[in-house]
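Student: Quick check, what structure comes out for this input:
(2 chains)
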2 protein chains.
Amino acid sequence: MKVGFLGPIATFTDLAVQHAFPDEDRISFRTIPDCIEAVHNQEVDVAVVPLENTLEGSVHLTVDYLFHEVDLKIISEITVPIQQHLMVHPNNESKMNELEKILSHSHAIAQCHQYLHQHYRGVSTEYTTSTAAAAKFLKEHPEMKFAAIANELAAEIYGLTIMKRNIHDLKLNHTRFIVLSREERSISLPLRKQEDKTTVMVTLPSDQSGALHQVLSALAWRKINLSKIESRPLKTGLGNYFFILDINQAIDEILLPGAFEEMKALGCDVKVIGSYPTHLLD
Amino acid sequence: MKVGFLGPIATFTDLAVQHAFPDEDRISFRTIPDCIEAVHNQEVDVAVVPLENTLEGSVHLTVDYLFHEVDLKIISEITVPIQQHLMVHPNNESKMNELEKILSHSHAIAQCHQYLHQHYRGVSTEYTTSTAAAAKFLKEHPEMKFAAIANELAAEIYGLTIMKRNIHDLKLNHTRFIVLSREERSISLPLRKQEDKTTVMVTLPSDQSGALHQVLSALAWRKINLSKIESRPLKTGLGNYFFILDINQAIDEILLPGAFEEMKALGCDVKVIGSYPTHLLD
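Tutor: The predicted model follows:
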């Protein structure tokens, strides 16, 4: 099976893909749209892209592309704890007191703000396009007294030494990655399975507020629980939104289809994006 | 009165501020947090920052900062139509066929994608940190055969010639700016007034799905309409959100306070961010 993923290698997406698809043919793509288009155009069988992060919220590019551009299904989800480590080139292990710069993605530097402030206050930081790019730069410039913030995989791939593990301030930070496919199918991943989930995108008829209440009522009286509800602009004017709902159960034959039929009868547009198992990488 | 705003000058924020506060002391700040902190620290009396755009959605930095960091009130709203124009240095008016590059903010270039594809397919584009920065660069480099995409104000401030007006693909694109103050107060702006609005931020108790339905029920049975509902991560773990609700009316003495009291009794945290008039710049 060909597995596309958001590159470059050694990022958290790569980490998720290496654990979820250890024996498959893994192909990295430069952007989220490139990656999603690759499944759509049958260049790959499935694609893995980030959907949401605890701190940053939804990855709008992924959500909007799934709503506006393509008709794909989520067939699995992988939640990855975001663990950031401070690493250097092996030549520089003894030079931590002379560090001149710390490189990483802006999000990673923000995530380690308190640690850096306490331990490396005088050292300047510089943003790279990914955590992996920071690690790669270190490998290619052993003469520079730089450190990088990146994950375990980046240290391994680029032969760097982890000087301090888990320097991220918030221990609960996770990123959800989704596996996309052209049709619904069941795949088995070598990861710890958690609950099932169903994701739908709902567009309300003109009078939105009452309609959203009706949509939630159709779920609430059936005791169907949501783990997420989020609005995104429809791009047709301020105040027009569609909603992404994550429902805490697999699609069944009676309750969920019944709720969706009622929503449609109320004038909503309902698009089921997938009913799939979720996994935790640990 | 001192009015802080998200700079640099000649952006759409500056355009909003010049029309809304023509006779006040206007001070630009480099970032949204800087601008919001300036009101909080009493350096300025009010601050104007973007809250939402039709195409891009909410400005998360603004929303999150208002929720997590400060206790400020929205006292007014200004909606600005986003009209992008193609402009050059006067020296280059006759050289549109020899254009070598088109500069602008990545959003502006995305907004004019179809126009550029039809008329300037062979010309490369380059991103700047704002539309205003692109215009400024043209003024400082008259020898370069570059064009910029920016607004009317940028053309005026930097002495550029608008070669083609309104080149944005989607005509309904607007940005909502909010005026922030330390306390609730009424200010009169020389703009066309539209309806009143009340914005609240609501944090649900643990079982979210049923609770959100209850919150919306408390509003729906009172026939209180929402123009917006949006979730943002609480940053305490995946699946924990707070909600921003825009209610289509000014706060009254009975219905809204009653609904908010009920929400609190149900275990929600309710923070009224403001009840304010909205204005359209046209």
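
Student: Identify the residue nearest the spatially most central residue of chain A in space, chain neighbours excluded?
Tutor: Note on chain A: the residue nearest the mean C-alpha position is residue A:50, at 2.2 Å, using Cα atoms, centre = their mean. Among residues not flanking residue A:50 along the chain, residue A:59 sits closest, at 4.9 Å (Cβ to Cβ, 6 or more residues apart in numbering or on different chains). Heads up, the C-betas are built off the backbone N, CA and C, glycines and all.

Student: nearest residue to residue A:264 other than its sequence neighbours?
Tutor: residue A:270 (5.6 Å).

Student: mind checking which helix or strand that neighbour is in?
Tutor: Residue A:270 is located in strand A:269-280, with elements delineated by DSSP states H and E.

Student: ok, that strand: who's next to it in the sheet?
Tutor: For strand A:269-280, the paired strands and their directions (DSSP bridges) are strand A:73-81 (parallel), strand A:192-203 (antiparallel).

Student: Return the most buried member of those strands.
Tutor: Mean neighbour count (mean count of other Cβ atoms under 10 Å in any protein chain shown) peaks for strand A:73-81 among these, with a mean of 22.

Student: Would you check that residue A:51 makes contact with residue A:178?
Tutor: Yes: Residue A:51 lies in contact with residue A:178 (Cβ atoms under 8 Å); the separation is 4.8 Å.

Student: number of nearby residues for the residue nearest to residue A:264?
Tutor: Residue A:270 has 17 neighbours, counted by other Cβ atoms under 10 Å in any protein chain shown.

Student: Test my guess that it contacts residue A:202.
Tutor: Yes: under the criterion of Cβ under 8 Å, residue A:270 makes contact with residue A:202 at 5.4 Å.

Student: which neighbours do those two share?
Tutor: Counting by Cβ atoms under 8 Å, 6 or more residues apart in numbering or on different chains, the contacts common to residue A:270 and residue A:202 are residue A:263.

Student: Looking only at neighbour counts, state which of residue A:51 and residue A:178 leads.
Tutor: Neighbour totals were compared for residue A:51 and residue A:178, and residue A:178 leads with 26 against 21 (other Cβ under 10 Å).

Student: Next, work out how far apart the nearest residue to residue A:19 once chain neighbours are set aside and chain B are.
Tutor: Excluding the flanking residues, the one nearest residue A:19 by Cβ to Cβ, 6+ apart is residue A:281, at 5.3 Å. Residue A:281 sits 13 Å away from chain B, going by Cβ to the nearest Cβ, to the nearest Å.

Student: just residue A:260 next, same as before
Tutor: Noted for residue A:260: a distance of 16 Å to chain B, by Cβ to the nearest Cβ.

Student: Quick check: which ranges of the stretch 101-250 of chain A have low pLDDT?
Tutor: For the stretch 101-250 of chain A, the stretches with pLDDT under 70 are A:207-209.

Student: So which residues on it come close to chain B?
Tutor: A:170, A:172, A:174, A:176, A:207-210, A:212-213, A:216-217, A:219-220, A:224-233, A:235-239, A:241, A:248 (Cβ under 8 Å from any Cβ of the partner chain).

Student: If any of these are buried, put those into a PyMOL selection.
Tutor: Buried residues within those, by 16 or more other Cβ atoms under 10 Å in any protein chain shown, are selected in PyMOL with:
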select buried, chain A and resi 174+176+208+209+210+212+213+216+217+219+220+224+226+227+228+229+230+231+232+233+235+238+239+241+248
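
Student: hang on, the earlier thing: was I right to think the residue nearest to the centre of chain A contacts residue A:13?
Tutor: Yes: contact criterion Cβ under 8 Å: residue A:50 and residue A:13 qualify, at 6.3 Å.

Student: any shared contact partners between the two?
Tutor: A:6, A:177.

Student: quick one, domains of chain A?
Tutor: A:1-82+A:173-184, A:85-164, A:193-282 (automatic domain parsing).

Student: winner for burial among those domains?
Tutor: Comparing those by mean neighbour count (mean count of other Cβ under 10 Å), domain A:1-82+A:173-184 comes out on top with a mean of 20.

Student: Generate CSV for the domains of chain A, with distance to residue B:96 as supplementary columns.
Tutor: Shown next, in CSV, are these (distance: least, Cβ to Cβ, whole Å):
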stretch, distance to residue B:96
domain A:1-82+A:173-184, 31
domain A:85-164, 34
domain A:193-282, 30
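
Student: Just the pLDDT at the nearest residue to residue A:141 once chain neighbours are set aside, thanks.
Tutor: Excluding the flanking residues, the one nearest residue A:141 by Cβ to Cβ, 6+ apart is residue A:89, at 7.7 Å. Residue A:89 carries a pLDDT value of 97.

Student: show me the contacts for residue A:89.
Tutor: Counting by Cβ under 8 Å, 6+ apart, residue A:89 touches A:138, A:139, A:141, A:142, A:146, A:159, A:160, A:161.

Student: Mind doing that once more with 10 Å?
Tutor: By Cβ atoms under 10 Å, 6 or more residues apart in numbering or on different chains, residue A:89 lies in contact with A:95, A:135, A:137-148, A:158-161.

Student: That one and residue B:263, how far apart?
Tutor: 55 Å (Cβ to Cβ, to the nearest Å).

Student: Equivalent analysis for residue A:143, please.
Tutor: On the measure of Cβ to Cβ, residue A:143 and residue B:263 end up 60 Å apart.

Student: same thing with residue A:116?
Tutor: The value you get for residue A:116 to residue B:263, if Cβ to Cβ is used, is 39 Å.

Student: Residue A:25 too?
Tutor: When Cβ to Cβ is the yardstick, residue A:25 and residue B:263 sit 52 Å from each other.

Student: quick one: the strand or helix carrying residue A:65 to helix B:60-68, angle?
Tutor: Taking DSSP H and E as the criterion, residue A:65 maps to helix A:60-68. If you take axes from the mean of the first three to the mean of the last three Cα atoms, to 10 degrees, helix A:60-68 sits at 110 degrees to helix B:60-68.

Student: Which elements pack onto helix A:60-68?
Tutor: Judged by 3 or more Cβ pairs under 10 Å, 6 or more residues apart in numbering or on different chains; DSSP states H and E, helix A:60-68 is in contact with helix A:32-40, strand A:46-53, strand A:174-181, strand A:192-203, strand A:226-233, strand A:241-247, strand A:269-280, strand B:57-58.

Student: Strand partners (parallel or antiparallel) of the second one?
Tutor: The sheet places strand A:46-53 alongside strand A:2-6 (parallel), strand A:57-58 (antiparallel), strand A:174-181 (antiparallel), with pairing taken from DSSP bridges.

Student: Any chance you could list what contacts the second one?
Tutor: Okay, so that is strand A:57-58. A:50-52, A:64, A:176, A:228, A:230, A:232, A:244, B:57-58, B:60, B:63-64, B:231-233, B:235, B:241.

Student: Tell me the helices and strands packed up against the longest helix along chain A.
Tutor: Criterion DSSP state H: the longest helix present in chain A is helix A:208-220. On a contact count with 3+ Cβ pairs under 10 Å, 6+ apart, helix A:208-220 meets strand A:192-203, strand A:226-233, strand A:241-247, helix A:255-265, helix B:208-220, strand B:226-233, strand B:241-247.

Student: Done for today, thanks.
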